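1. predicted model and sequence follow; I will ask about them next.
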Amino acid sequence: MTREERYKIVMDYFRSHVGEVTTELIFGSAFQLLCATLLSAQCTDKRINAITPALFLHYPNAKIMAKAKIEEIYEYIKSVSYPNAKAKHLVEMAQMLTNSYDGEVPSDPNELIKLPGVGRKTANVVQAVWFGKPTLAVDTHVYRVSHRLGLVPKDTNSPRKVEDYLMKHIDKKEVTNAHHWILLHGRYICKSIRPLCTKCPFDIFCPKLLDNSKLR
């Protein structure tokens, strides 16, 4: 089976069985999406959604959060991974948004990645989900599933290489959906340790013996 055939089978399935989909993070503004995405690094969306309502109630926008102390933010997010670093990033990010962008989240990716704690993955999520741009964020799920299903070659050994390869092979109009299709498949079916192969619609052609695959 060629790689192009794999793409067609995978995309056709998701298109017909899943359809339009978006992030599972809960937010009410671009700023809140940015905060939630930053917090979600190496943490589940379920955990982030459990703590952000209280955080956003007290710090709903950048200008208000910019006045907070790191220790105050920490108390709201202490149950997530790396809370000390993330609390610092949230306050510094809010301060930079307030001082340099009048409290508004920029849509330009080059401006987004200037913000403390914001890398390419977070910037791509905000661009896709809030601004509707055809960007594809590669997290651990997208990286893993792309390799396991043979959507990318073995030598695409970094998130950026996976992103670039997927972007070349997925219709631009479906990039945002494709990101969430692949991510959610990795989160709920093609799990890292115990993948649910019997529930996977692609198990019949999954290249299980490839490097980075489920059976090695």
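-> Sure thing, it's come through. Numbers count the residues shown, from 1 in each chain.
2. under the pLDDT cut-off, which ranges of the chain? List them.
-> 208-216 (pLDDT under 70).
3. so which elements touch the helix ranked longest in it?
-> In terms of residue count, the longest helix belonging to the chain (DSSP state H) is helix 83-101. If you count contacts as 3 or more CB pairs under 8 Å, 6 or more residues apart in numbering; DSSP states H and E, helix 83-101 packs onto helix 30-39, helix 62-65, helix 70-77. Where you see a C-beta, it was placed from the backbone N, CA and C, and this is true even at glycine.
4. so which bits of the last one are buried?
-> Okay, so that is helix 70-77. By 16 or more other CB atoms under 10 Å, the buried positions in helix 70-77 come out as 73-74, 76-77.
5. contacts only, for the most far-flung residue of the chain relative to its centre.
-> Computed with CA atoms, centre = their mean, the residue of the chain farthest from its C-alpha average is residue 1, at 29.1 Å. Shown in contact with residue 1 (CB atoms under 8 Å, 6 or more residues apart in numbering): residue 205.
6. if we can go back for a sec, reformat the buried residues of helix 70-77 as a markdown table; add distance to residue 25.
-> Output for the buried residues of helix 70-77, formatted as a markdown table (distance: CB to CB, whole Å):
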| residue | distance to residue 25 |
| --- | --- |
| 73 | 18 |
| 74 | 20 |
| 76 | 16 |
| 77 | 14 |
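7. any idea which of the residues you listed is closest to residue 63?
-> Using CB to CB, residue 73 comes nearest to residue 63 of those, at 14.6 Å.
8. give the burial count for residue 12, as a bare number.
-> 10 (other CB atoms under 10 Å).
9. any idea which helix or strand carries it?
-> helix 3-17 (DSSP states H and E).
10. any idea how far residue 188 is from the residue nearest to residue 45 when sequence neighbours are not counted?
-> Spatial nearest neighbour of residue 45, excluding adjacent residues (CB to CB, 6 or more residues apart in numbering): residue 24 at 4.4 Å. Residue 24 is 10 Å from residue 188, where distance means CB to CB, to the nearest Å.
11. more neighbours, these two?
-> Taking neighbours as other CB under 10 Å, residue 24 and residue 188 compare with residue 24 leading, 15 against 11.
12. what's the helix or strand for that one?
-> Assigned by DSSP H and E, residue 24 falls within no helix or strand.
13. these two touch, right, it and residue 49?
-> Yes - counting by CB atoms under 8 Å, residue 49 is a contact partner of residue 24 at 7.5 Å.
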